[in-house]
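> my questions concern the predicted model and sequence given below.
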Amino acid sequence: MRLPALLNCYSYFSFGQGVSSPTRLVERAAELGYGALALTDVNGVYGAVEAQKAGKKYGVKVLVGATVTLTVEDEGYPLVLIAQNRSGYEVLCNLLTAVHGSEDKVVSVPMLLAHTQGLVCLTGGRQGFPTRLLTQRKIIQAETLLETLKGAFSERLYLQLYFGGYPEDLVRARKLRDFAHCPNRGVPVVAAPEVRYATPDLYPLYDTLVCSRLGITVRDSHQDRPQNMCSAVPDPHAWETLPQHPLPFPEGVQNAEAIVQNCNLELLAERLTPPAARIPEGTTVKQHLDERLYGALADKYGADTFMVAKARLETELVTMKALGLSEFFLVAAEVTDFCKRRGIVASGRGSAAASVVCYLLGITGTDPVRHNLLFERFLHTGRTSLPDVDIDIGSSRRDEVLAWVEERFGASTEAMVCNKITYRLPLAVQDLGRGLGIPPILRNTLSKKLGRDYRNLRPHRAREATGVFDDALKGAPVKEVLLRLLESMEKGFVRHISPHSGGVVLSRHPLSHYSPLERSTGGIRLLQFDKDDAESLGLIKLDLLGLRMLGVFERCREEVLRTEGTWLTLTDLPDDPDVWKGIQHGDTMGLFQVESPAQTRITVDMRPQSFLDLAHQVALIRPGPIQSGTVHPYVRRRKGLEPVTYLHPCLEPILEKSYGVLLFQEDVMRVAVQIGGFSWNDAERFRKAVGSYEEEAEIDAEKCRFIAGAQQKTGLSEEAATRIFDLCASFRGYGFAESHAWAFGQHAYTSAWLRHHYPAEYFAAVLTEDPGMWPRSTLMQEARCRGVGFSRVHINLSGLHYQVGRNEDGSKSVRVPLTSILAVSEKVARQVVLERLARGPYGGVKDLYERLTIDRDTLEALARAGAFDGLQERRDALYQIGALVHTQPPAVQPMLSALPETPPLPELSVREQVAWDYRLKGLNEWGVHPVDLIRQQLLALGATPMVRLPHHGSVTTAGVVVARQRPPTAKGFAFYVIEDGPLRMQVVISPNLWARERDLLREARIMIVSGRLEKRGKAWTIRADQLVDVHGDAALNETEV
Amino acid sequence: MHQPVNVLTDAKGHPSGLDGPQKPVNVRRILDFWCYGGRWWLNEPPRDYYLLELDSGHVVEVYNAADNWTLSRIAD
């Protein structure tokens, strides 16, 4: 008899106990003729949505279940639970939630007995209690447990029969059947092989990952290692051909069929479940919404735009009502209202910024009417997927908002979606290398050598990095084994889950209706589904994202209040010509989104004068516009250096405002609708497809559809339609929504305004929040150029954050905090400050040691970093620490101090102090730059200081490497930034030079660069011909005490 | 002991007899059957093992790897 179904399948969502995706398992089951499959991953239903989607595609009925570990007398036995229906699924979700809440992630018998309704129970395969207890001849225990389960699950309990190709499996199956059918017991058996991968060729991959998980290598024996490839999806007839002991027994097959018939669960979207908004008593949702919206409409729109805005508002409300989403926007507004009440800077971003409703409710700060933003990118009545409402929150206070959301909506109706973390090459090399017994040092070398070129490569494309493998592993046989294993990994192999950066799901009903809940290691409550799964389930998500720059705004505002007594209204900053002037010169260091070298160059080229310009600029330097060849034509056309042309005249109405080039996601959607004849819903799918494909074949269907549509709707020739499609397809990777660009453009201006008017406060906030790409030492150089001085870190004056203080002459300077010392944690710094506030300043290192318990390494770091300067010399402090830790316990004031006198020690030279500063803090408060320390050496080598470089031409110069970028969109070019004091330049490295100097470029800290220099405003660029590493470390390594 | 052996197989590919020095010995019963993945990292092929009771009364263990049969054990 052929097997009708696979009732015990583990995908890679069993994390180490399966290596195929749910989709691949379903596909393989369909290929072999199975009609049904149950996905029963360990402690989770992570792959259930994917599996059910695949089931629809391949015509396989997908049952949803999970495998839990039942503990009895300190032993753990797997039980397979399959949901019969929606209520069974809820029970399963509740049980799994409880499992993840338990310390060992196991199920006790009472816990299980409380969660049986609507669930079918299989007794588990090789590790199941019948097999193990009978093998150990613990018949009574096996009988007792089986009776207990039978009492709980009744006729829904099945004894699982399997054949795993192990010695005595044939005999064992017969014994298990006899045990089940024993008089008075009468438990039915079911044929259910354990499946852990789709095809037998995946056995080595599975074996290696198991070894890696067990901490052994493939050369070691272990009872938990798989012995053969019998965990692949078996041929349905495979058991018929087993010798002499025909399996499965007829009733085992019939029962498998019965289970399939009795389990009917459709997980995919039933309906939207917007959470309930809090509305004033006596009003309805509609009344409350109307009251807020129409009240704000009158406030925010003058006579000239009122009617247009009102018409748009009403259109949006009709759409929202049709989608059943009206109440959801009140809920989103509750979050931004909370932030406002607490003084937390928050701002809606993304496509929501195209909504008047969001603008009027205060969720977003961009006026979509004024900027003519496309509402359909956000919502339309044909939309089958749910809209994103993304709210940026200052990073440092995001947890406060999340805690409020959890409290407001309750533990059962609020959780974050998870991120499914997929393998990239370096991580796969680590995991597989461990299993293959490649020593850690070699694995790390290999990972490091994969570097910027291959770190994002999927493992199945590992052969593309063969050169790196050759280089690291030479001729070792393990190289080929490793490459073969990597190639066998599925694209998108999920390794683990982690919290999403901000996606919070809110539901009217308990979330256990949809998913088990678990806690991340950081304590965040998580769904077992990612954002796409959540959307498929009809769940509504709010993205509460941490944005460090908003934290900067908030912190800067507080600093200004403290130093100037002024409370800034950040949403209403004046349009200041001086601020624009700074931006136009490429003076963008420390600003939001426009501080990278590429943005700086564009800034100098475009000389932005308005929010429109800034919005376009932040959208321009993105993978989508870069790959579609947008950047240069846009800039040249804007400057009038070339005429504005269109690939086809029909594109003119769509691309007119962006000078004929594709710039925004909305442009792609408009092309799809207005030229390709797509509905908005299809256009949304089209945009996503062309934005995210990795291989051409993935968008073939979209291409055919677009070309046919364009020919029909617009009368285009096939060739013209193909060219327009290719333009859209080149808009691959990340592009901005126009509405999003507006929101970010505003932030960019706000940052420039604050930096211009309150540089000390702004840089204090930037240095604390660290929102951008530059190291703190570089930001401090920039701050100094703006007249901001820095005060040294000091045990009696520094706090936890960079803080503005007044000097004696009334000028401002920024005090460097204790936390700037890398070895000093926030906890220790807080301890130091609290003790100082309670009992006064410290007299020196001995006083600190006698008042607090701080470990020696931290004490020494404080001393070396100069935190006791002014109280005692650094070497003296270090000597005392050594003596103190050997003579007395910390945090105790001894009756008699036996501390010896510090012998005469040489004072630290300036060079030594600077070297220590950089090593311990990565910065130096005086402004001495590392290059200054080796200036003579550099001059001797022919490196001209940057300050003396000509405007253009061939030069040789040197600097500290402060940024390294090699974006995948740059066709092999790399962009480094070197710094010499307050000056910086971008080094453009060609693919050839990169290949030649790969090792140098990975290691160098101070580099001599020869090439052609070009200066435009603050944007300096050198096209490198030759590079030399001057071993900067040697310059910074000075004699220790 | 690991020595090549000629094995006669039935329609399903299971052993039905072993070639002896003089004449073939029939397999009376297949007592057990299991699979071993082999040391795949050394490119060893997987093996199908059989524990056989022969007409002669002997119990032997043989395996098939890449269509080559090997006698691996004889039980008294």
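On my side now, so go ahead. Residues are numbered from 1 along each chain as shown, chains lettered A, B, ... in the order given.

> which residues touch the nearest residue to residue A:683 once chain neighbours are set aside?
Nearest non-adjacent residue to residue A:683, counting by C-beta to C-beta, 6 or more residues apart in numbering or on different chains: residue A:672, 3.8 Å away. C-betas here are computed from N, CA, C, even on glycine. Taking C-beta atoms under 8 Å, 6 or more residues apart in numbering or on different chains as the criterion, residue A:672 is in contact with A:678, A:682, A:683, A:686, A:687, A:706, A:728.

> check residue A:552 too.
A:394, A:751, A:754, A:762, A:765, A:766, A:768, A:769, A:771.

> got the residues you listed as JSON lines, with secondary structure columns?
JSON lines is the format used below for these (DSSP: H, G, I helix; E, B strand; the rest coil):
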{"residue": "A:394", "secondary structure": "strand"}
{"residue": "A:751", "secondary structure": "helix"}
{"residue": "A:754", "secondary structure": "helix"}
{"residue": "A:762", "secondary structure": "helix"}
{"residue": "A:765", "secondary structure": "helix"}
{"residue": "A:766", "secondary structure": "helix"}
{"residue": "A:768", "secondary structure": "helix"}
{"residue": "A:769", "secondary structure": "helix"}
{"residue": "A:771", "secondary structure": "coil"}
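
> those residues: which ones sit near chain B?
Among these, no residue sits close to chain B (C-beta under 8 Å from any C-beta of the partner chain).

> circling back to that earlier point, which of the contacts of residue A:672 fall in helices?
Using DSSP state H, the subset of the contacts of residue A:672 located in helices is A:682, A:683, A:686, A:687, A:706, A:728.

> just the buried residues from these, in PyMOL please.
Selection of buried members from the ones in helices among the contacts of residue A:672 for PyMOL, criterion 16 or more other C-beta atoms under 10 Å in any protein chain shown:
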select buried, chain A and resi 682+683+686+687+706+728
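
> now the ones in helices among the contacts of residue A:672 in a markdown table, with pLDDT and distance to residue A:813?
Below are the ones in helices among the contacts of residue A:672 laid out as a markdown table (pLDDT from 0 to 100; distance: C-beta to C-beta, whole Å):
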| residue | pLDDT | distance to residue A:813 |
| --- | --- | --- |
| A:682 | 88 | 59 |
| A:683 | 89 | 54 |
| A:686 | 90 | 55 |
| A:687 | 88 | 50 |
| A:706 | 93 | 60 |
| A:728 | 89 | 53 |
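
> list just the nearest of the ones in helices among the contacts of residue A:672 to residue A:889.
residue A:687 (65.4 Å; C-beta to C-beta).

> list the contacts for that closest one?
A:665, A:668, A:669, A:672.

> rerun at 7 Å
Residue A:687 is in contact with A:665, A:668, A:669, counting by C-beta atoms under 7 Å, 6 or more residues apart in numbering or on different chains.

> was I right to think residue A:959 contacts residue A:981?
No - Residue A:959 sits out of contact with residue A:981 when judged by C-beta atoms under 7 Å, with a separation of 8.9 Å.

> higher neighbour count, these two?
A count of neighbours by other C-beta atoms under 10 Å in any protein chain shown puts residue A:959 above the other of residue A:959 and residue A:981, at 28 against 19.

> shouldn't that one be within a strand?
Yes - assessed by three-state DSSP, residue A:959 belongs to a strand.

> what's around residue 56, how many residues?
Using chain A. There are 14 residues near residue A:56, going by other C-beta under 10 Å.

> let me rephrase: I mean chain B.
Count around residue B:56 with other C-beta under 10 Å applied: 12.

> so what pLDDT did the residue lying closest to it once chain neighbours are set aside get?
The shortest distance from residue B:56 to any residue other than its chain neighbours is 5.3 Å, reached at residue B:25 (C-beta to C-beta, 6+ apart). Residue B:25 is assigned a pLDDT of 90 by the prediction.

> so residue B:25 touches residue B:54, yeah?
Yes - Residue B:25 lies in contact with residue B:54 (C-beta under 7 Å); the separation is 4.9 Å.

> so what sits against both of these two?
residue B:18.

> and the helix or strand harbouring residue A:331, what does it pack against?
According to DSSP states H and E, residue A:331 maps onto helix A:326-342. Helix A:326-342 sits against helix A:285-300, strand A:389-394, helix A:398-409, strand A:540-547, with contacts defined as 3 or more C-beta pairs under 7 Å, 6 or more residues apart in numbering or on different chains; DSSP states H and E.

> with distance to residue A:67 added, can I get those in TSV?
Output for the helices and strands packed on helix A:326-342, formatted as TSV (distance: least, C-beta to C-beta, whole Å):
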stretch	distance to residue A:67
helix A:285-300	43
strand A:389-394	36
helix A:398-409	30
strand A:540-547	28
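
> so which of the ones you listed is the most surrounded?
strand A:389-394 (a mean of 26; mean count of other C-beta atoms under 10 Å in any protein chain shown).

> if you count contacts, what does that one end up packed against?
helix A:326-342, strand A:346-349, strand A:540-547, helix A:548-564.

> any chance you could list what contacts the next helix or strand after the shortest one?
Just to be clear, that refers to strand A:346-349. Downstream of strand A:346-349, the next assigned helix or strand under DSSP H and E is helix A:356-360. Residues outside helix A:356-360 that contact it (C-beta under 7 Å, 6+ apart) are A:293, A:296-297, A:300, A:309, A:312-313, A:316-317, A:320, A:329, A:348, A:352, A:364, A:366-369.

> contact partners for the residue nearest to residue B:56?
B:17, B:18, B:54, B:55, B:56.

> that one bridge partners, please.
Residue B:25 forms beta bridges with residue B:18, as assigned by DSSP bridges.

> turn the helices and strands packed on helix A:326-342 into a markdown table, columns for mean pLDDT.
As requested, the helices and strands packed on helix A:326-342 are exported to a markdown table (pLDDT from 0 to 100):
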| stretch | mean pLDDT |
| --- | --- |
| helix A:285-300 | 94 |
| strand A:389-394 | 90 |
| helix A:398-409 | 89 |
| strand A:540-547 | 88 |
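
> residue B:46: which of these is closest?
When these are ranked by proximity to residue B:46 (C-beta to C-beta), strand A:540-547 comes first, at 46.8 Å.

> in the stretch 701-850 of chain A, which spans are helices?
A:718-729, A:738-757, A:759-769, A:776-785, A:826-839, A:845-851 (DSSP state H, counting those that start in this stretch).

> now do the residue nearest to residue A:923 when sequence neighbours are not counted, the pLDDT please.
Nearest non-adjacent residue to residue A:923, counting by C-beta to C-beta, 6+ apart: residue A:777, 4.2 Å away. We have a pLDDT of 94 for residue A:777.

> hmm, residue A:777 is touching residue A:925, no?
No - using C-beta under 7 Å, residue A:777 is not in contact with residue A:925; the gap is 10.2 Å.

> got any ranges where the stretch 901-1041 of chain A has weak pLDDT?
Within the stretch 901-1041 of chain A, the set of residues satisfying pLDDT under 70 comprises A:1032-1041.

> can I assume residue A:988 sits in a strand?
Yes - under three-state DSSP, residue A:988 falls within a strand.

> in the sheet, who's paired with it?
Here residue A:988, judged by DSSP bridges, has bridge partners residue A:975, residue A:1023.

> pull the contacting residues for it.
So residue A:988 contacts A:973, A:975, A:1021, A:1022, A:1023, A:1024 (C-beta under 7 Å, 6+ apart).

> got those residues as JSON lines, with distance to residue A:836 and neighbour count columns?
Below are the contacts of residue A:988 laid out as JSON lines (distance: C-beta to C-beta, whole Å; neighbours: other C-beta atoms under 10 Å in any protein chain shown):
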{"residue": "A:973", "distance to residue A:836": "51", "neighbour count": "16"}
{"residue": "A:975", "distance to residue A:836": "45", "neighbour count": "18"}
{"residue": "A:1021", "distance to residue A:836": "48", "neighbour count": "19"}
{"residue": "A:1022", "distance to residue A:836": "48", "neighbour count": "27"}
{"residue": "A:1023", "distance to residue A:836": "52", "neighbour count": "17"}
{"residue": "A:1024", "distance to residue A:836": "49", "neighbour count": "21"}
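
> let me know the closest of the contacts of residue A:552 to chain B.
Nearest to chain B out of these is residue A:771 (C-beta to the nearest C-beta; 47.3 Å).
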